[in-house]
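Enquirer: here is my input; please provide its structure:
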Amino acid sequence: QKQLVESGGGSVQPGGSLRLSCAASGFTLDRYAITWFRQAPGKERTGISCISSSGDSTIYKDWAKGRFTISRDNAKNRVYLQMNNLKSEDTAVYYCAGLRDCSGFVELWGLGTQVTVSS
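Expert: Numbers count the residues shown, from 1 in each chain. Predicted coordinates for the structure are as follows:
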């Protein structure tokens with residue numbers, strides 16, 4: 001059974017950092033581009049960043065540039081999202097998703113991990 005499992009979420013103060021991890025279970029992650037999404041309470045799910053299957057190409061939403069960094073380690077079957085200088089508006093459930101490429105449709109969703117930024 002193919003699964004994506006996010007981890008690394010938690011509570012952090014404004015200005016803090018977290019690194020989220022997306023792990024693959026039951027398949028090899030290097031077949032998929034991976035996009036990180038987030039969904040804040042009462043808001044639509046929105047994309048943050050995508051990384052190609054090989055890791056040689058990345059895309060970011062403008063608001064994420066400079067604070068968020070996506071990376072992957074295919075040997076470990078994982079994709080990461082480093083989040084720095086976190087703000088209260090970054091509070092959301094964060095999801096990773098598998099796609100054939102960064103312009104394609106999501107084929108596989110993770111269950112999400114909660115990130116709360118609060119003083």
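Enquirer: for my notes, confirm Gly15 occurs in a strand.
Expert: No: per DSSP: H, G, I helix; E, B strand; the rest coil, Gly15 lies outside any strand segment and is coil.
Enquirer: isn't it up against Leu86?
Expert: Yes: under the criterion of CB atoms under 8 Å, Gly15 makes contact with Leu86 at 6.8 Å. Every residue, glycine included, has its C-beta placed from N, CA and C.
Enquirer: where exactly do the strands run in the chain?
Expert: In the chain, the strands defined using DSSP state E lie at 3-7, 10-12, 18-25, 33-39, 46-51, 58-60, 68-73, 78-83, 92-99, 106-109, 113-117.
Enquirer: that older thread, of Gly15 and Leu86, which one has the most company?
Expert: Between Gly15 and Leu86, counting by other CB atoms under 10 Å, Leu86 is the more crowded of the two (21 against 11).
Enquirer: contacts for stretch 88-98 next, please.
Expert: 4, 6, 9, 14, 20, 22, 24, 29, 32-41, 43, 45, 48, 79, 81, 83, 106-118 (CB atoms under 8 Å, 6 or more residues apart in numbering).
Enquirer: scratch that, stretch 2-17
Expert: Stretch 2-17 is touched from outside by 18-27, 82-88, 94-98, 108-119, with contacts defined as CB under 8 Å, 6+ apart.
Enquirer: compute the first-to-last residue distance for it.
Expert: The first residue of stretch 2-17 is 29 Å away from its last residue (CA to CA, to the nearest Å).
Enquirer: any chance of the strands of the chain in TSV, plus mean neighbour count and mean pLDDT?
Expert: Below are the strands of the chain laid out as TSV (neighbours: other CB atoms under 10 Å; pLDDT from 0 to 100):
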stretch	mean neighbour count	mean pLDDT
strand 3-7	17	96
strand 10-12	14	98
strand 18-25	19	96
strand 33-39	22	98
strand 46-51	20	98
strand 58-60	16	98
strand 68-73	18	98
strand 78-83	22	98
strand 92-99	22	98
strand 106-109	14	96
strand 113-117	18	98
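Enquirer: the residue nearest in space to the middle of the chain pairs with what?
Expert: In the chain, the centroid-proximal residue (CA atoms, centre = their mean) is Trp36; its distance is 3.0 Å. Per DSSP bridges, the residues bridged to Trp36 are Ser49, Cys96.
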